[in-house]
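Participant: The amino acid sequence is not available; the structure is as follows:
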């Protein structure tokens, strides 16, 4: 059991709050004004982790916060300080931890596929009567978008991207992913699989540290920017230069970005997997 002195854990909690506030405060201000940002708001609207929860720092399992009392739900007060009641949380969340561990392990074991070129976003607007980000213009005509999708084809194995494909685009996908096939299809080059590390991190909270959750948030935020830059949307007015994956140069640029994200995600995925395996091993021993 690691014991953190008051000045240490309080400094970590405050640093975490300040780090998160950089993203949370502008999102909440836009929401109050009734505005939306297709990149910066995505992690707060698509994922179910509210800004208040992201702001809340947790030390993770196996840590005593010296001098802390009434630290919150799922925490125990001990003579030394507050500590997470890991056993009780695992009784409630154990199956989820095991499911996440299996997915992380299976994904990490596969080679990264770098040939999708972000066409999942194109498949979401292919022959669509309405688009998800209707406030922003498309940088190509409907006919040009259809031509790119039909000529390049789509190879997306991520179910939570595939489920937003238009009905006309789904048959064009080489794979037909389902929730049940998620453990068999996800691979470490997929931008959406790597964004989802944020989802697995916050679903593991408070069993993992707030720092790990925000590290995954930062990765997902950077990925989302590239995801939308490679899309058919024109976000130039927001300062996002398009990655024109309809050209050879654009596809090469996208693959380079994808390779870099795969490497960054490899470290975060392993941190999450290590945490899951420790929790599951401790539960089996108890």
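Facilitator: Sure, I can see it. Not measured: the values here are computed from a predicted model.
Participant: now the most far-flung residue of the chain relative to its centre: how far from residue 3?
Facilitator: What lies farthest from the middle of the chain is residue 79; by C-alpha atoms, centre = their mean that is 37.5 Å. Going from residue 79 to residue 3 by C-beta to C-beta, to the nearest Å gives 11 Å. C-betas here are computed from N, CA, C, even on glycine.
Participant: Other residues contacting stretch 47-60?
Facilitator: 4, 9, 12-13, 16-17, 20-21, 24, 27-28, 44, 65, 72, 84, 198-199, 202, 205-210, 212-214, 217, 275 (C-beta atoms under 8 Å, 6 or more residues apart in numbering).
Participant: if you set the cut-off to 7 Å instead, what comes out?
Facilitator: 4, 9, 12-13, 16-17, 20, 24, 27-28, 44, 65, 198-199, 202, 205-210, 217 (C-beta atoms under 7 Å, 6 or more residues apart in numbering).
Participant: Please apply the same query to stretch 196-211.
Facilitator: By C-beta under 7 Å, 6+ apart, stretch 196-211 touches 16, 43, 47, 49, 57-61, 74, 84, 86, 89, 96-97, 100, 104, 212-213, 216-217, 219-220, 265, 268-269, 272, 275, 279.
Participant: Make a PyMOL selection of whichever of those turn out to be buried.
Facilitator: Of the contacts of stretch 196-211, the buried ones go into a single PyMOL selection, burial set by 16 or more other C-beta atoms under 10 Å:
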select buried, resi 16+43+47+49+57+58+59+60+61+84+86+89+97+100+104+212+213+216+217+219+220+265+268+269+272+275+279
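Participant: Tell me which entries of the contacts of stretch 196-211 lie within strands.
Facilitator: residue 84 (DSSP state E).
Participant: So the residue lying closest to residue 158 once chain neighbours are set aside: helix, strand or coil?
Facilitator: What sits nearest to residue 158 in space, not counting adjacent residues and going by C-beta to C-beta, 6 or more residues apart in numbering, is residue 192, at 4.3 Å. Using DSSP: H, G, I helix; E, B strand; the rest coil, the structure places residue 192 in helix.
Participant: where does residue 192 land on pLDDT?
Facilitator: On the pLDDT scale, residue 192 is placed at 96.
Participant: Return the residues in contact with it.
Facilitator: Counted by C-beta under 7 Å, 6+ apart, residue 192 has contacts 158, 160, 161.
Participant: Format the residues you listed as JSON lines; extra columns: pLDDT.
Facilitator: Below are those laid out as JSON lines (pLDDT from 0 to 100):
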{"residue": "158", "pLDDT": "94"}
{"residue": "160", "pLDDT": "93"}
{"residue": "161", "pLDDT": "94"}
